[in-house]
Each structure stands twice: as C-alpha cells, then as structure tokens.
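*Asks:* Turn this into a structure:
(one chain, ligands or ions: 2)
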Amino acid sequence: PDAPRINPSILAADFVNMQSELARIASADFVHVDVMDNHFVPNLTFGPQMVERIQATSPVPLDVHLMIDDPDRWAPGYAELGAASVTFHLEAAAEPVALARRLREIGARAGVAVKPGTEVDGLLEHLHEFDQILVMTVEPGFGGQGFMPETMPKLRRLADETRRRGADVWLQVDGGIAAGTIAQAAEAGADTFVAGSAVFGADDIDGAIAGLRSLAAH
Ligand code: DX5
Ligand code: ZN
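*Replies:* Ligands and ions are numbered 1, 2, ... in the order given. Next up is the predicted model:
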C-alpha cells in the first residue's frame, strides 16, 4: 500500500472478539500486532499461536512488532507463519543485520525498532538491510500513552539519511499517534503510522482511519 500507511494496533482491540475487531479495520493498510513477553517490556500479550490465528483471519496483512527478548531466536517463526513484516527491537537483538537477512529470506519485510532513548547512528550504514524502521514515540509496553515529540529529531535524521543513501525504507512511528500528533510525525518524515486507541476508541473506525490518513498526507 502507498504512503501514508495507517496500521491500527490491536493492542487496543477487544481480545475476546478478535475476529470481529479485525473485520472492523479492513480499510487499514496493515494490522499492527504487538507481541510482548513480560521481559523486554513489563506487559504480556500473546505469542505465535495467537498470531497464526490472526494471520488466518485478518482482512489486511500483518505488521508484527516484537517487544521480546532474544528476537534472534523467535522472530523467524513469525515470518514463517506469513506475517508481511516482522519488526524486532534493536536493543534486544544480538545480530540485527543477520536477523534482518533471515527475515527477508523467509519472505517478510524486515523491520527494526528503537525505543525513545536509543540512538540510531549504528543503523545508518546498514539502512539497506532493512525494509522499515520503527521509531517508538512512547516507551514500549502500553497503549494510550502520550506522544513524545523529543523523538522527532531522530526520525528527521533517519529520513534525511534514507533520502541521501537512496534507501527504500519505510519509516514508522508508534505510540500516541492521533489526530493531534500525526501531522508532526509526517512532517518529520514518517510514512507509516501505528495507532491503537485513536482507531479502536473511535465510534466510526473507517472515518478515523481516513481522517488520520489525510492528516498525514499534508
Ligand atoms: C506500545 C505498542 C503500540 C500501542 C500504541 O508499546 O507498541 O503499538 O498499541 O497504542 P496507542 O496508539 O494507543 O499509543
Ligand atoms: Zn507497537
């Protein structure tokens, strides 16, 4: 799908009614699937068995965000079950470039995520090894937190370097993305937007997705 891409996060969905929740976001570009292990972040969601069912049920492709320790061991399994993209955290990976190559070999888009306090200097020379970079705009772990504008210079730097190097990398933001914050992330260079509460908290979900898309396009 063309940018700007809107990826609703099912962290804000009703887990007991996942099939109907997935049907409600059919006009989105991807469904953002937050996997948390209670070690890398202080919260727990679900693992491969649930994600496999989401893959079988979702009307849109899966954008899996792994907030887990030891992604070198676990991330390939999510690519194997058919996720369109698999994003692991830079802070948790032992061999990020080797892992990204493995994900691509399996057929997934390879993504790397950074927490608000993590610098990206080490990534710049490896930009071509990744299909997407996720700049966390909150501390990972929970939905409904406030957007951190202090992460925007890092995003701007990634956008500049991506352009300068002619790399084909999607720049994603996740956390606190809503009508009041999405334009500044777009202006700083993001082209892919994760939104949990701003989508699932809306009465008119299609309207919320379309509204975010148009705010990001300006
Ligand atoms: C937070 C998750 C996000 C979360 C965003 O750690 O990675 O995907 O669902 O939720 P909102 O959009 O409510 O900040
Ligand atoms: Zn996420």
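*Asks:* Report the buried residues of the worst-scoring helix or strand of the chain on mean pLDDT.
*Replies:* Every helix and strand of the chain was ranked by mean pLDDT, DSSP states H and E. The lowest is helix 121-124, at a mean of 95. Going by neighbour count (16 or more other Cβ atoms under 10 Å), the buried part of helix 121-124 is residue 123. No exception for glycine: its C-beta is placed from N, CA and C like everyone else's.
*Asks:* packing partners for it?
*Replies:* helix 152-165 (3 or more Cβ pairs under 8 Å, 6 or more residues apart in numbering; DSSP states H and E).
*Asks:* Which neighbouring elements make contact with the helix or strand following the least confident helix or strand of the chain?
*Replies:* Sequence-wise, the next helix or strand downstream of helix 121-124 (DSSP states H and E) is strand 132-136. On a contact count with 3+ Cβ pairs under 8 Å, 6+ apart, strand 132-136 meets strand 85-89, strand 109-114, helix 152-165, strand 170-174.
*Asks:* Can you name the residue of this protein nearest to ligand 2?
*Replies:* Closest approach between the chain and ligand 2, counting by Cβ to the ion: residue 65, at 3.7 Å.
*Asks:* Any idea how many residues pack against that residue?
*Replies:* 27 (other Cβ atoms under 10 Å).
*Asks:* right, and the helix or strand after the host helix or strand of it?
*Replies:* Element membership of residue 65, judged by DSSP H and E, is strand 62-67. For strand 62-67, the following helix or strand on the C-terminal side (DSSP H and E) is helix 71-80.
*Asks:* Buried ones in that following helix, by neighbour count?
*Replies:* Buried residues in helix 71-80 (16+ other Cβ under 10 Å): 71, 72, 74, 75, 76, 78, 79.
*Asks:* Can you name the residues that contact the fourth one?
*Replies:* It stands for residue 75. By Cβ atoms under 8 Å, 6 or more residues apart in numbering, residue 75 lies in contact with 66, 86, 88, 99, 102, 103.
*Asks:* can you check the third one too?
*Replies:* Contacts of residue 74 were listed using Cβ under 8 Å, 6+ apart, and they are 48, 66, 68.
*Asks:* Format those residues as JSON lines; extra columns: neighbour count.
*Replies:* What follows is these, written out as JSON lines (neighbours: other Cβ atoms under 10 Å):
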{"residue": "48", "neighbour count": "16"}
{"residue": "66", "neighbour count": "26"}
{"residue": "68", "neighbour count": "21"}
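*Asks:* Show me which parts of stretch 182-197 are buried, residue by residue.
*Replies:* By 16+ other Cβ under 10 Å, the buried positions in stretch 182-197 come out as 182, 185-186, 188-197.
*Asks:* and it, C-alpha only, in PDB?
*Replies:* What follows is stretch 182-197, C-alpha atoms only, in PDB (Å, rounded to 0.1, in the frame of the first residue of the first chain):
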ATOM      1  CA  ILE A 182       0.200  12.600  13.300                       C
ATOM      2  CA  ALA A 183       1.000  15.700  11.200                       C
ATOM      3  CA  GLN A 184       4.200  16.500  13.100                       C
ATOM      4  CA  ALA A 185       5.400  12.900  12.700                       C
ATOM      5  CA  ALA A 186       4.600  13.100   9.000                       C
ATOM      6  CA  GLU A 187       6.400  16.400   8.700                       C
ATOM      7  CA  ALA A 188       9.500  14.800  10.400                       C
ATOM      8  CA  GLY A 189       9.500  12.100   7.700                       C
ATOM      9  CA  ALA A 190       7.300   9.200   8.900                       C
ATOM     10  CA  ASP A 191       5.300   7.400   6.200                       C
ATOM     11  CA  THR A 192       3.700   4.600   8.200                       C
ATOM     12  CA  PHE A 193       1.600   5.300  11.300                       C
ATOM     13  CA  VAL A 194       0.600   2.900  14.100                       C
ATOM     14  CA  ALA A 195      -2.500   4.000  16.000                       C
ATOM     15  CA  GLY A 196      -4.200   1.900  18.800                       C
ATOM     16  CA  SER A 197      -6.500   4.000  20.900                       C
END
